[in-house]
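**Student:** Following is a predicted model, sequence given first.
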Amino acid sequence: MKTIIRNAHVVLPDETVITSVLIEDATIAAIDPAIHSEADLEIDATGQWLIPGVVDDQVHFREPGLTHKEDLRHATRACAKGGVTSFLEMPNTIPNTVDRKALEDKLALAKGQCLVNYGFYIGATLDNLAELQAVTRTPGIKIFIGSSTGNLLVDDQNALEAIFAETRLPICAHCEDETTVRANAEAYAGETDVAFHSRIRDHQAALIATQRSVDLAIRHQHPFHVLHVSTAAEVDVIDQAGDLVTGEVCPHHLFFNVEDYERLGSLVKMNPSIKFREDNEALWQALMDGKLQVVATDHAPHTREEKGKPYPECPSGLPAVENSLALMLNEVNRGRIDIRQVVHWMCVEPSRIWHLRNKGAIRVGFDADLALIDMEAPHVISHENQQTKCGWTPWNGVTLTGSVVQTWVMGREVFRKQQGHETFSSDHGAGHEIQFAHGHG
Ligand code: DOR
């Protein structure tokens with residue numbers, strides 16, 4: 001099958017040019033304004049933008065075990081709509097993904113169910129070092145240095161030293177200090193206002209855990225990625241560690257702060273908690289300055305019923321894969337950032353950090369994972385038009401300008417929006433297992 005996408009503004013690794021892209025089967029076969037190949041399908045993309053598909057390196061898709069909240073079919077339709085062509089999923093499912101068997105079972109479950117490409121982290125526990133050393137079909141190791149949803153937690157210093165010293169895969173961590181969080185929770189016990197969540201999971205909790213884990217990374221010279229950075233102070237710790245340590249920010253920590261609890265209540269309760277307006281600004285600045293490398297979502301759906309429970313029982317987390325790219329494109333339209341930066345943070349850097357083979361760029365020979373963008377079309381996000389199984393969004397009612405009109409995964413069209421009408425491929429075998437080039441640079 002040959003498809004030619006003609007005359008889009010194509011975001012290439014070193015420049016953005018109006019050109020044409022030939023997809024042959026699953027691969028980008030040519031990039032040339034004058035392609036004269038016989039194609040099965042020609043798309044006139046004049047005036048639109050073609051970017052590499054987004055690689056979201058932090059999602060919770062809840063399968064197996066928690067499929068009343070989300071599942072791979074719903075979540076990957078949400079991805080396709082949002083221009084996310086590859087996801088890396090976290091281990092706090094049931095069972096936890098903490099050994100080879102659970103990882104291989106998850107990979108087998110994903111096959112044939114995913115509209116987009118998939119990869120799964122292995123979670124660290126106090127005693128699974130041998131498993132962390134043995135697995136290969138994974139982007140890396142996830143450590144919950146502070147506990148969040150589920151029961152994964154490694155807070156013990158000796159266990160952490162061993163994981164950083166004796167494993168080879170890249171490591172990422174949820175950094176909130178357990179001791180600080182527990183002490184704060186005790187101090188505010190009985191409080192029922194959700195805004196206390198940001199006092200319990202406070203700035204100090206995030207900073208202490210990030211310092212602690214960055215220190216481990218430096219001493220053991222182990223590549224390390226700090227997930228969902230939420231405070232200005234963490235940025236400096238990450239930056240001072242140099243290339244060994246990378247950092248990531250999520251849309252909710254860029255767009256929401258404690259002032260939003262009044263309007264959105266538990267819908268914006270997540271871990272790490274939202275912080276202050278100054279943190280939003282500092283996190284944007286850190287992206288611009290290259291001090292944080294990645295924008296990913298931490299897509300963490302819970303049902304509306306669960307979110308409707310009183311504080312503190314209401315669970316932490318919000319869905320975002322179908323809106324993250326559009327939220328960033330809207331900022332391009334507002335003049336805050338440019339589209340090349342979006343591609344850098346959402347495609348190039350996650351592919352580099354997790355060693356994804358042939359992804360993250362529009363390059364001849366790379367996988368044809370692509371998103372075509374209409375930068376001018378406004379659209380309204382609503383609970384009703386979400387694909388995620390949980391059926392709600394914290395951005396309900398928000399109008400954004402710029403969105404995905406077509407998505408290809410391994411050369412196959414999986415999503416198309418035409419005159420406001422959305423069509424999804426029924427081929428849930430379109431997504432492939434992501435290949436990782438660990439140890440090969
Ligand atoms: O708010 C969160 N929810 N943060 C996490 O780290 C986990 C996630 C979840 O799985 O619900």
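**Tutor:** Nice, thanks for sending it over.
**Student:** Contact residues of the protein facing the ligand?
**Tutor:** H60, N92, S148, T149, H174, M270, N271, D298, A300, S316, G317 (Cβ under 6 Å from any ligand atom). Just so you know, the C-beta spots here come from the backbone N, C-alpha and C atoms, and that holds for glycine as well.
**Student:** Could you say which helix or strand holds the second one?
**Tutor:** Meaning N92. Using DSSP states H and E, N92 falls within no helix or strand.
**Student:** For it, list the residues it contacts.
**Tutor:** The neighbourhood of N92, defined by Cβ atoms under 8 Å, 6 or more residues apart in numbering, consists of H60, G123, F144, S148, T149, G150, L152.
**Student:** Out of those, which is nearest to R340?
**Tutor:** Nearest to R340 among these is H60, at 29.1 Å by Cβ to Cβ.
**Student:** Skipping adjacent residues, who's closest to that closest one in space?
**Tutor:** Spatial nearest neighbour of H60, excluding adjacent residues (Cβ to Cβ, 6 or more residues apart in numbering): A300 at 4.5 Å.
**Student:** ditto for G391
**Tutor:** Using Cβ to Cβ, 6+ apart, the nearest residue to G391 is H383, at 6.2 Å.
**Student:** isn't the one you found right up against W395?
**Tutor:** No: in this structure, H383 is not within contact of W395 by Cβ atoms under 8 Å, at 9.7 Å.
**Student:** A helix includes E413, no?
**Tutor:** No: E413 is assigned strand when assessed by DSSP: H, G, I helix; E, B strand; the rest coil, not a helix.
**Student:** residues near it, how many?
**Tutor:** Other residues near E413 come to 21 when the count uses other Cβ atoms under 10 Å.
**Student:** Write down the beta-bridge partners of it, one by one.
**Tutor:** Beta-bridge partners for E413, by DSSP bridges, are W408.
**Student:** mind listing the strands for the stretch 301-441 of the chain?
**Tutor:** Ranges of strands in the stretch 301-441 of the chain, per DSSP state E, counting those that start in this stretch, are 370-380, 399-409, 412-418, 421-424.
**Student:** mind checking which of those is nearest R73?
**Tutor:** Nearest to R73, of all the strands of the stretch 301-441 of the chain, is strand 421-424, at 10.1 Å by Cβ to Cβ.
**Student:** Closest residue of the stretch 301-441 of the chain to the ligand?
**Tutor:** Nearest residue of the stretch 301-441 of the chain to the ligand (Cβ to the nearest ligand atom) works out as G317 at 3.0 Å.
**Student:** I figured that residue hits H302, correct?
**Tutor:** Yes: using Cβ under 8 Å, G317 is in contact with H302, at 5.8 Å.
**Student:** And these two? Which one has more around it.
**Tutor:** Neighbour count, other Cβ under 10 Å: between G317 and H302, H302 has more, with 28 against 21.
**Student:** Surely the more buried one and K309 touch.
**Tutor:** No: between H302 and K309 there is no contact under Cβ under 8 Å: 9.5 Å.
**Student:** Need the residues touching each of these two.
**Tutor:** Both H302 and K309 are in contact with P315, where contact means Cβ under 8 Å, 6+ apart.
**Student:** Show me the shaky parts of the stretch 101-250 of the chain.
**Tutor:** Residue ranges of the stretch 101-250 of the chain with pLDDT under 70: none are present.
**Student:** any idea how far the ligand is from G140?
**Tutor:** Counting by Cβ to the nearest ligand atom, to the nearest Å, the separation of G140 from the ligand is 16 Å.
**Student:** from what I can see that residue touches F120, true?
**Tutor:** No: between G140 and F120 there is no contact under Cβ under 8 Å: 10.3 Å.
**Student:** Can you check which helix is longest in this structure?
**Tutor:** Counting residues, the longest helix found in the chain (DSSP state H) is helix 203-220.
**Student:** name the helices or strands packed onto that one?
**Tutor:** Applying 3 or more Cβ pairs under 8 Å, 6 or more residues apart in numbering; DSSP states H and E, one finds that helix 203-220 makes contact with helix 157-166, strand 171-174, helix 178-187, strand 224-226, helix 232-240, strand 245-249.
**Student:** check which helix or strand covers L103.
**Tutor:** When elements are assigned from DSSP H and E, L103 belongs to helix 100-110.
**Student:** Can you mark which positions in that helix are buried?
**Tutor:** Neighbour counts over helix 100-110 (16 or more other Cβ atoms under 10 Å) mark R100, A102, L103, K106, L107, L109, A110 as buried.
**Student:** one step back: compare H383 and W395 (neighbour count), which wins?
**Tutor:** Neighbours were counted for H383 and for W395 using other Cβ under 10 Å; W395 has more, 26 against 14.
**Student:** From the contact counts, what lies against the helix or strand encompassing Y118?
**Tutor:** Per DSSP H and E, Y118 falls inside strand 117-120. Applying 3+ Cβ pairs under 8 Å, 6+ apart, we find strand 117-120 packed against strand 84-89, helix 100-110.
**Student:** what is the rounded mean pLDDT of the first one?
**Tutor:** Over the span of strand 84-89, the pLDDT mean works out to 99.
**Student:** Next, the angle from it to strand 399-409.
**Tutor:** 90 degrees (axes from the mean of the first three to the mean of the last three Cα atoms, to 10 degrees).
**Student:** Give the pairing partners of strand 84-89; include direction for each.
**Tutor:** strand 54-59 (parallel), strand 117-120 (parallel).
**Student:** By neighbour count, which bits of it are buried? Give me those.
**Tutor:** Buried, per 16+ other Cβ under 10 Å, within strand 84-89: V84, T85, S86, F87, L88, E89.
**Student:** and those residues, which two are the farthest apart?
**Tutor:** The largest separation in those, counting by Cβ to Cβ, is between T85 and E89 at 14.3 Å.
**Student:** Using PDB, write down the CA coordinates of stretch 84-91.
**Tutor:** Extracted in PDB, the C-alpha atoms of stretch 84-91 (Å, rounded to 0.1, in the frame of the first residue of the first chain):
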ATOM      1  CA  VAL A  84      -0.600  10.000  20.000                       C
ATOM      2  CA  THR A  85       0.800   7.100  17.900                       C
ATOM      3  CA  SER A  86       2.900   5.400  20.700                       C
ATOM      4  CA  PHE A  87       2.400   5.000  24.400                       C
ATOM      5  CA  LEU A  88       4.400   3.700  27.300                       C
ATOM      6  CA  GLU A  89       2.200   2.400  30.000                       C
ATOM      7  CA  MET A  90       2.800   2.300  33.800                       C
ATOM      8  CA  PRO A  91       2.900  -0.900  35.900                       C
END
